[in-house]
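Sequence and predicted structure, then a few things I'm wondering about:
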Amino acid sequence: MSTEEKSAAPRSLAEALRARDDASLAVLLRSRPDLITPVPSDITQLATRAGTRASVVRALERLDRFALQTAEALAVAADPATYEELLGLMAGDAGDPAVTAAFPRALGTLREQALVWGDDDRLRLVRTARELLAPSPQHPSPTGLGPTVQEATAGMSPGRIQEILTAAGLPSTHDSVSAVTALTGLFRDRARMAALLAGAPEESREVLSRLVWGPPYGQVTAEPAPRLRWLLDRGLLLPTAPGTVVLPREVALHLRAGRAHRTPEPVPPPVEAAATHRPQVVDGTAAGQAQTALATVEELLKDWDEGGPAVLRAGGLSVRDLKRTAVALDVPEPVAAFWVELAYGAGLLASDGEADERYAATPAYDEWLRLPPAERWARLAETWLTATRTSGLVGGRDAKDRTLSALGPGLDRSAAPEVRHRVLTLLAGLPEGAAPSAESVLARLRWERPLRGAQQQDDDLRSRLARWTLSEAELLGVTGRGALSAHGRALLGAHVTHAAQVDPQGPGDRLPVHHRTPAPRAPLPPAEQAVASAAAARLLAPLLPEPLDHVLLQADLTAVAPGPLQRPLADVLGVLADVESKGGATVYRFTPGSVRRALDAGRAAADLHAFLAAHSRTPVPQPLTYLIDDVARRHGHLRVGAASAYVRCDDDAMLNEILADKRAANLGLRRLAPTVLAAQADPAALLEGLRAMGFAPAAESAEGDVLITRAHAHRTPPRTPPEPVPDGPPVPDDTLLTAALRAIRAGDLASTAPRKPGAGAPAAGGDLPRTSSAETLATMQAAVLTGEALWIGYVNAEGAASQRVIAPIRVEGGFVTAYDHTADEVRTYPLHRITGVAELADDAT
């Protein structure tokens, strides 16, 4: 390299970033949005922020496995390292062709995200990343490599080092530095190391084989065995502490044939199809499940229509209430928790805020019911796709070992939307109708976001989120038989080419598209997601069955609804009969209690006969007619009012029957008149007690009129759905990026512009210029005449200080009007807020 090239090479991360164009900086800021929260004042501040521990950890955690392996290899390489040295650590002495082909992309990713900087002959990992990834006794390297010879012999006596040289067959040196250099050279020389190891005892080579892939540390006694003594004498094992030895990094790399990792993974594992179905079958199955999802949410909120379960003191649903809800919906408890959380996330239910706080439907639920079925489903699906609340955590424990409750705190996981979106995107990359195996999806996700450290189990959060996504997508009807439906693809905004087309990235790549899913893409912005949800609703609408206006009455006092019913019909039938079974067809059963419920709601027997005749495709069976007439004949014959409570009846024989019944003892009845009984129980308890005895009493008002007891729909005040918890700062849009880059470039110009020495020039490079008011005014007036640019320090009304490069246009009334190179516009500044001014050097740009 020539002297000019050396001088042009960046000497710091700030210089490397300063040399980038705006497009490259925009890519960096998109991939690491925390770097512009808030916008840095100049490139130096941007580089400083990019090297902070929190930012580097976040960037490392978002690398794919091969890019992370490349960073790990650079952490154990020389600092700086050359391109060829780093490639050798990744591909090994044999030069793995797959690794060699994928290496430029991985190194480009690290450079793009400002984790690596420098030219190909001087590659450097940012200091914080090296500290995180480099091996140490407390934090072993993921590569399994130990310290270098130089690091391991740092505290060793010069005499001991010379003894090792002699045993290894090397000539003695005059100092420890040259001795360590000679030993390092021996271990890096493949031919000489092979000759040295060829003379090693078999037991000694077995010890090396156990340490070669890590961990590199081992324990020895005060009197090592001969096989260990042979290795210690030649420096193939070096002591690090009493009783502890380590395999030097250079020795391990020789034994590994130059590879830093045992198994480099340059290519992502393919997502494999476990089964394939016809697309029509997938869409039909998914549509059927979408219809079931709508019915389940409606049933849940109908069950809570008059006020649902109580809210726990700490927030959330009790275990007992969740079990009751699961029984009512006829689903397992985890599935019930999913539906409850989905309705909550969609804003359909919330706590009512009363003194005895309970859960109930919101006014938004009534608006949701009025939407077409496909649009109702789209709203639920969009809520699920973007929500951070995770129902799969219900029943688990939080960091303080407290049980996590449905609708309670602690269920937000900011990674959930990204994982759901990514899982569905992987499904979208398969041919239509193909259902993937769960294990291949999990393997792909682990490759894209590998976990740093020893824990790489299936129980990590991302793996659990992925498993929950696959099952919840099936419950909701986004997938059918495990394959992504057409409306599921539309929900993603995905238009993926299928089958065996070859990815156009290069002529040498022959992997089909469904084995090379595009790189992870962030979830859609809200506006685009709304458009995608509308498109999904349009695709789903033709697949959903039209609501029916009829049922099939059976002679066994049941009615069969062969599909979803129109809402008025479903509402009346839900009062008149009890649901006995659900599925493709719903079976309702008529009982004396259900008929009495309809009569209590103000329906007359004639109304019920007319309703059934109008909505049944089969004749009304005689047993059902007799049941309605029999219950209606007895309904209201007894009247219950408030005395505390009383019973009156024109038939005194019936009152005698009630008094004689032992089951009435707890009601505290006594006769006031031949046709009137008084009770100690309240009217509601009296009604229930008489109904339990087989009578059909009716409640009456103080005026003697029958009270019609329609179900009271309890609603909460208007509520806002829970907001998703973001996973760090949002990805900036183009407008914000443009403004941020402009501000950073302008601030960098102001901070790096050469200044003339003299008055106003600060002693330290980061300080603001300081001049007196008279000097500031004189310099400004002179610059107006000459047209020269000046460097100023400025403090705004909030007290924030900044540096700016301006070209004064006029000075009057205590203000200077100037073209601000920092803001790239004409601005006016109060002179009293300018801390000082300095002239720029003649070669300043």
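Received the coordinates, thanks.

Could you use CA atoms for every contact and neighbour count after this?
OK.

Tell me how far stretch 58-66 lies from the chain's centre.
In this view, stretch 58-66 has its centroid 15 Å away from the chain centroid, taken as CA atoms, centre = their mean, to the nearest Å.

Run through the chain and note the low-pLDDT ranges.
1-8, 451-459, 494-522, 636-644, 701-713, 750-751, 753-767, 822-823, 841-845 (pLDDT under 70).

Point to the residue nearest the middle of it.
Ala415 (1.6 Å; CA atoms, centre = their mean).

show me the contacts for it.
Contact analysis of Ala415 by CA atoms under 8 Å, 6 or more residues apart in numbering lists Thr388, Arg462, Asp727.

ok, Gly584 to Tyr217 distance?
Per CA to CA, to the nearest Å, Gly584 is found 64 Å from Tyr217.

If you count surrounding residues, which of these two has more?
Between Gly584 and Tyr217, Tyr217 has the larger neighbour count (other CA atoms under 10 Å), namely 21 against 13.

who touches the more buried one in this structure?
Tyr217 neighbours (CA under 8 Å, 6+ apart): Gly146, Leu211, Thr244, Val245, Val246, Leu247.

Next up, phi/psi of it, please.
phi -100, psi 150 (degrees, to the nearest 10).

Arg671 too?
phi -90, psi 130.

how many other residues sit next to it?
16.

Contacts for the helix or strand hosting Leu107 next, please.
Using DSSP states H and E, Leu107 sits in helix 97-112. Applying CA under 8 Å, 6+ apart, the contact partners of helix 97-112 are 24, 27-28, 66-67, 70-71, 87, 90-91, 116-117, 264-267.

Pull out the buried positions in that helix.
Within helix 97-112, the residues scored as buried using 16 or more other CA atoms under 10 Å are Val99, Thr100, Phe103, Ala106, Leu107, Thr109, Leu110, Arg111, Glu112.

hmm, back to that, mark which of the contacts of Ala415 are part of helices, please.
Arg462 (DSSP state H).

Which strands or helices does the lengthiest strand in the chain pack on?
Identified as the longest strand of the chain according to DSSP state E is strand 801-812. Using 3 or more CA pairs under 8 Å, 6 or more residues apart in numbering; DSSP states H and E, the elements in contact with strand 801-812 are helix 734-752, helix 773-786, strand 790-795, strand 815-820.

hang on, the earlier thing: show me which of the contacts of Ala415 are buried.
Thr388, Arg462.

now the contacts of Ala415 as CSV including distance to Val631?
Rendered in CSV, the data for the contacts of Ala415 read as follows (distance: CA to CA, whole Å):
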residue, distance to Val631
Thr388, 51
Arg462, 58
Asp727, 60
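
And the contacts of Ala415, which is closest to Glu825?
Asp727 (35.7 Å; CA to CA).

Could you find the closest non-adjacent residue to that closest one?
Using CA to CA, 6 or more residues apart in numbering and skipping the chain neighbours, the partner closest in space to Asp727 is Ser414 (4.7 Å).

same check, this time on Ala530
Nearest one to Ala530, counting by CA to CA, 6+ apart, is Glu382 at 8.0 Å.

Tell me which helix or strand comes right after the strand or helix carrying that neighbour.
Applying DSSP H and E as the criterion places Glu382 in helix 373-386. Where DSSP H and E defines the elements, the next helix or strand beyond helix 373-386 is helix 416-428.

Quick one: list the elements packing against that next one.
helix 373-386, helix 461-476, strand 483-484, helix 486-492.

Dump it to CSV, restricted to CA.
Extracted as CSV, the C-alpha positions of helix 416-428 are listed here (Å, rounded to 0.1, in the frame of the first residue of the first chain):
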residue,chain,number,x,y,z
ALA,A,416,-44.3,-11.1,18.9
PRO,A,417,-45.5,-9.1,15.9
GLU,A,418,-42.1,-9.6,14.1
VAL,A,419,-42.1,-13.3,14.8
ARG,A,420,-45.7,-13.8,13.6
HIS,A,421,-45.1,-11.8,10.5
ARG,A,422,-41.9,-13.7,9.8
VAL,A,423,-43.5,-17.1,10.3
LEU,A,424,-46.3,-16.3,7.9
THR,A,425,-43.8,-14.9,5.4
LEU,A,426,-41.9,-18.2,5.5
LEU,A,427,-45.3,-20.0,4.8
ALA,A,428,-45.9,-17.5,2.0
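
Which of the residues in stretch 588-608 are classified as buried?
588-601, 603, 605, 608.

any idea which helix is longest in the protein?
Per DSSP H, the chain has its longest helix at helix 279-303.

So what touches that helix?
Counting by CA under 8 Å, 6+ apart, 325, 329, 339-340, 343, 349, 360-361, 373, 376-377, 432-433, 474-481, 483-487, 540, 543-544, 583 sit against helix 279-303.

Quick one: residues contacting Arg589.
Arg589 touches Leu557, Thr558, Ala559, Ala577, Asp578, Val579, Glu580, counting by CA under 8 Å, 6+ apart.

and Glu418, how many neighbours?
Residues near Glu418, counting by other CA under 10 Å: 20.

is it true that it touches Pro523?
Yes - with contacts counted by CA atoms under 8 Å, Glu418 reaches Pro523, the gap being 6.3 Å.

Now flag whichever of the contacts of Ala415 is closest to Pro201.
The closest of those, once distances to Pro201 are taken by CA to CA, is Arg462, at 47.1 Å.
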